[in-house]
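> Sequence first, then the predicted structure:
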Amino acid sequence: MTDRSATVFAVDDDPAVLKGLERLLRSAGFKAEVFASAQAFLDGYCPEVTGCVILDLAMPGLDGMQVQQRLIEKGGALPIIFLTGHGDVPACARAMKHGAADFLTKPVDDQELLTAVHQATERCGILQQERLELADIEERLGTLTPREREVLEHLLSGKLNKQIAAALGTVEKTIKVHRARVMHKMRAPTLADLVRMAERARVVGESNGSHSAA
């Protein structure tokens, strides 16, 4: 099954390679967009798109490694499948270290490439879902008042209501009210759910001596 919402981008300066890639991808049910240069691809790149990039390593102008770096700088999460005719092991190691999904040598086997594309688009979908979930958590954190944020950070440090009340100079009943509001605004059914959300958003507990911005 192919992800109908995913787009596979192919970037190669060889017209014959591009034509072959486009034909192969479309025959497998993927939406495909091809680019004859790295700059042309980057000019039309949208960080929100789901899919993957099949990227030639050695191209005139910007090479594949430089494109990978540009995508990282743009905050993109598109998995990259590198193609190379050189079998450059050091380049492969660098590419994989920076998050490349795969590194295949030309001429690439059709089935091997399609398998890599399926895995990369699936990975991209998971990463995009995680980004959306994190953005939702951060949006909820932004609705907390400064005092509710303080209560949250004390909760994350494992303190009881009466301990938080003492630390904030108020009464336990007031802390219970703030705690209930925090749970409601964060849509957290349990304290364990609240802790997991906070961890994903890198919010730290008060005992760590640091306040993390929402």
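On my side now, so go ahead. Numbers count the residues shown, from 1 in each chain.
> Break this protein into its domains for me.
Dividing the chain into domains by automatic domain parsing, as the record does, gives the ranges 7-131, 142-208.
> could these go into JSON lines alongside mean pLDDT?
Written out in JSON lines, the entries for the domains of the chain read as follows (pLDDT from 0 to 100):
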{"stretch": "domain 7-131", "mean pLDDT": "86"}
{"stretch": "domain 142-208", "mean pLDDT": "93"}
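> where do the helices sit along this structure?
15-27, 38-43, 64-73, 89-97, 110-141, 146-156, 161-168, 172-185, 191-200 (DSSP state H).
> Which one of those helices lies nearest to residue 206?
helix 146-156 (4.2 Å; CB to CB). Every C-beta, even on glycine, is put in place using the N, C-alpha and C of the backbone.
> So what's the gap between stretch 50-67 and the chain middle?
Relative to the chain's own centre, stretch 50-67 is displaced by 19 Å; criterion: CA atoms, centre = their mean, to the nearest Å.
> ok, residues contacting stretch 155-163?
Judged by CB atoms under 8 Å, 6 or more residues apart in numbering, the contacts made with stretch 155-163 from elsewhere in the structure are 154, 164, 167, 172, 175-176, 179, 182, 191, 194-195, 198, 203-208.
> ok, now how distant is the most centrally placed residue in the chain from residue 79?
Ranked by distance to the mean C-alpha position of the chain (CA atoms, centre = their mean), the top residue is residue 127 at 4.3 Å. Distance from residue 127 to residue 79, counting by CB to CB, to the nearest Å: 8 Å.
> ditto for residue 178
Relative to residue 79, residue 178 is positioned 42 Å away (criterion: CB to CB).
> the more surrounded of these two?
residue 178 (24 against 21; other CB atoms under 10 Å).
> Not counting its neighbours along the chain, what's nearest residue 67?
Taking CB to CB, 6 or more residues apart in numbering, and ignoring the residues beside it in sequence, residue 67 has residue 38 as its nearest neighbour in space, at 4.7 Å.
> coming back round to it: burial-wise, tell me which of the helices of the chain comes out on top.
Among the helices of the chain, the stretch with the highest mean neighbour count (mean count of other CB atoms under 10 Å) is helix 146-156, at a mean of 20.
> Can you report how many residues neighbour the closest residue to residue 13 other than its chain neighbours?
With CB to CB, 6+ apart as the measure, residue 59 is the residue that lies nearest to residue 13, at 4.7 Å, once sequence neighbours are left out. Using other CB under 10 Å, residue 59 has 19 other residues around it.
> Contacts only, for residue 59.
11, 12, 13, 37, 38 are the contacts of residue 59 under CB under 8 Å, 6+ apart.
> Kindly report the same for residue 181.
Listed by CB under 8 Å, 6+ apart, the contact partners of residue 181 are residue 148.
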